[in-house]
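Asker: Here's a sequence, model it:
(one chain, ligands or ions: 1)
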Amino acid sequence: MKLSSGPVVPGEPRRIFFKAAAAAAIGGVLGLVPVLTGVWVWLDPVRRRTHSGAGAFLRVATLESLPADGVPRRFAVVAEKIDAWTRTPQTPVGAVYLRRTSDGTGPGKVTALNVVCPHAGCFVDYQASRTGYFCPCHNSTFAVNGAIDMPSSPSPRGLDELAVEIRGREIWVQFQNFQTGRADKVALS
Ligand code: FES
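Answerer: Numbers count the residues shown, from 1 in each chain. Okay, the predicted model is just below:
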């Protein structure tokens, strides 16, 4: 028995073609969504290829470990380190000098200076005999507040001050390293 396909409507084949093409395109886009999402998630550690300490507030010390006598003391800064797909807990990421002064009421004021010399990246030492910091690499000197002490110092800027928060009895520092060899502070990621 022969089946009749009925009369052909003008333009019908073209409509069918465009419908099929549109369905294929939409299906293709929808199919790509989970693939692209998977790639994005897989690459996430690479996008965050940095330690969690860069620019983050980190717990550095307690008020008990920092007498309010105005004398700077050096503390290591540790943070969880994230390097692509590897997560290393509590890795040293730098060091700071903390200094606490007090008028006798409350915990007092705490300031933090990055130990890295802004000239070329050596670590400065606090020298009680000169009440200031000294860089052994090229003899830059800094006052106790971090300012350049002598005009002959090759460092283009004073020591880099970091933000501090007192949370209960804990001292938290917004730890950050900066580019060396320039007068302005440019944060490193
Ligand atoms: S690195 Fe400190 S003076 Fe050069």
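
Asker: Could you list the contact residues of the protein toward the ligand?
Answerer: Residues of the chain found near the ligand (C-beta under 6 Å from any ligand atom) are 117, 119, 120, 121, 122, 135, 137, 138, 140, 154, 155. Yep, even glycine has a C-beta here, placed from its N, CA and C like the rest.

Asker: residues in contact with the second one?
Answerer: I take that to be residue 119. Shown in contact with residue 119 (C-beta atoms under 8 Å, 6 or more residues apart in numbering): 135, 137, 138, 140, 153, 154, 155, 156, 180, 181.

Asker: what's the answer for the last one, then?
Answerer: Contacts for residue 155 were tallied using C-beta under 8 Å, 6+ apart; they are 117, 118, 119, 135, 140, 142, 148.

Asker: CSV for those residues, including pLDDT?
Answerer: Converted to CSV, the contacts of residue 155 look like this (pLDDT from 0 to 100):
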residue, pLDDT
117, 98
118, 98
119, 98
135, 98
140, 98
142, 98
148, 97
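
Asker: out of the residues you listed, which one sits closest to residue 20?
Answerer: Using C-beta to C-beta, residue 118 is the member of these that lies nearest residue 20, at 65.8 Å.

Asker: Nearest residue to the residue nearest the centre of the chain in space, please, no chain neighbours.
Answerer: Nearest to the mean C-alpha position of the chain, counting by C-alpha atoms, centre = their mean, stands residue 54 at 2.1 Å. Leaving aside its sequence neighbours, residue 54 sits nearest to residue 189 (C-beta to C-beta, 6 or more residues apart in numbering; 5.9 Å).
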